Every structure is written in C-alpha cells, then in structure tokens.
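In: Fold the stuff below for me.
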Amino acid sequence: METPSAVAELAHPIAVQLGGNWRPRQAYHGARELDYAALFTHLDGRQLHLSERFDDPGRLHIRGAFPATDYPFRRGERDSIRVAMNTGVAEIAELIKSDLIPVHRDVHSRVKEHNRKQGEIRRNVEETARDLSSRLPGAQARIDGSNAYIYMNLEPGEVRIGLDGDTVNIALNDAPRVIADAVVYAVSRFLPHVQTPEEEYGECFHGRDL
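Out: Numbers count the residues shown, from 1 in each chain. Sure thing, here's the model as predicted:
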C-alpha cells in the first residue's frame, strides 16, 4: 500500500494541477515549518488551507480561508473537502476545482463586500461621533466599531447619545424637559439623516431610550 505523503510534499504538485493562478506556501507555527499543513494563495488574494488533522490521520482536509469578518455565514458556505492523502494529486485537484473553489470564490466575494460596507459604516459612525461631540459642550465620545456613545454630564442630569450604524438613540437621566428638547433638536440638526419633525419634543425617562 502506498504510504501517504506529508501535506507539505503534496502542496506543490496539487498547485501545479490547479493551474498558474494558485501558489503553494509553506505553513509555519512561529518560525517552525509544518509538514502537516500548507496554504494555496490565488493571485486575487483568495486562500485555501490544507492540513492533516491529528484526529483524522491519513486524510487531507482542504478548506477555503476568509479574512476576519462578522459576515453571517450560512450552511454550506464554509464546507471543506476530505480525501485520503494517498489519492492521486490530479484527482485531489479536480475535487478542489469542482467542489470547493466555485463556492469559496462566491462567498469570498460576498465577505469582501460585506467587510467593505462595514468599514464604510464604521468610518461614518466615527466621523459623526467626533463631529457631534465637538458641537455639544462638554461632550465626550467613545467609539467601538460601528457603535459610538456620546456622553454629556450636566447639572443636573446626564445625556447619552448612542450611534449604531444609521440608528440614533438618546437617553437622559434626571435631566429636565428643556434639556431633552434641546438635545433632540440639536441631534436632528447636526445629523442630516435623522429626521425629527419640528413639533416633536424629547421625553425624559430615567435611564431609558427616547
């Protein structure tokens, strides 16, 4: 019976079968080369991971890699291929081409677009929070990704403005009605995407959103 090769030894011949757009790369743990794992990198930035898992010796696992993301993966979007390591490299390459690459290419594109949109939202939230806090006396901003919080300590009371993407929440603690009205008015004027009718007034609750 043919002895299975190490993953690192299989990587180059499989990549040759896949075609010139895929390049094999050595996998490392720190500075140490791994013989049980390898990477394929496409010219457009996509990556495939190959590995022999310690709990499944003699089997080659191949999966598509994705950039860091909060994309909501669905069933089947991160499937992998599992094949005996002594399978011919041409057969392994054909399985990758037919069963893995088409789905991975489409999902990878969706992940990149999702990350682009999320990055745009985060930049808009950061810009809005900094602009709004600079316009409100004594306001301080805390930014966390696509969320931001703007605090104003008043005498008496406290105002908290939360930005979540395009959503704005305003909460007041122990602040008088005139402060609630002023904050709602200011936000509606400083944030063009927030539509507040002229006759709308703020309502003051203890620790609850308006």
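In: helix or strand for residue 10, which one?
Out: Per DSSP states H and E, residue 10 falls inside helix 7-18.
In: Can you list the neighbours in contact with that helix?
Out: 22-27, 33-40, 50-52, 60, 85, 89-90, 92-94, 96-97 (Cβ atoms under 8 Å, 6 or more residues apart in numbering). Every C-beta, even on glycine, is put in place using the N, C-alpha and C of the backbone.
In: Can you say which of those are buried?
Out: Burial by neighbour count, judged by 16 or more other Cβ atoms under 10 Å, picks out 22, 24, 27, 37-40, 50-52, 60, 85, 89, 92-93, 96 from the contacts of helix 7-18.
In: mind listing which of those are in strands?
Out: 22, 24, 27, 37-40, 50-51, 60 (DSSP state E).
In: Looking at those residues, which has the smallest pLDDT value?
Out: Here the lowest pLDDT out of those sits on residue 27, with 90.
In: Hmm, that residue is touching residue 34, no?
Out: Yes: in this structure residue 27 lies within contact range of residue 34 using Cβ atoms under 8 Å: 4.5 Å.
In: neighbours around residue 156, how many?
Out: 10 (other Cβ atoms under 10 Å).
In: so what pLDDT did the closest residue to it other than its chain neighbours get?
Out: When the adjacent residues along the chain are set aside, residue 156 lies closest to residue 174, with 5.4 Å between them (Cβ to Cβ, 6 or more residues apart in numbering). We have a pLDDT of 77 for residue 174.
In: Now residue 174: phi and psi?
Out: In this entry, residue 174 is assigned phi and psi values of phi 50, psi 30 (degrees, to the nearest 10).
In: how many neighbours does it have?
Out: By the criterion of other Cβ under 10 Å, residue 174 has 12 neighbours.
In: Roughly how far does it sit from residue 139?
Out: Using Cβ to Cβ, to the nearest Å, residue 174 is found at 17 Å from residue 139.
In: Same check on residue 51?
Out: The gap separating residue 51 from residue 139 is 50 Å, by Cβ to Cβ.
In: do the same with residue 156
Out: For residue 156, the distance to residue 139 equals 17 Å [Cβ to Cβ].
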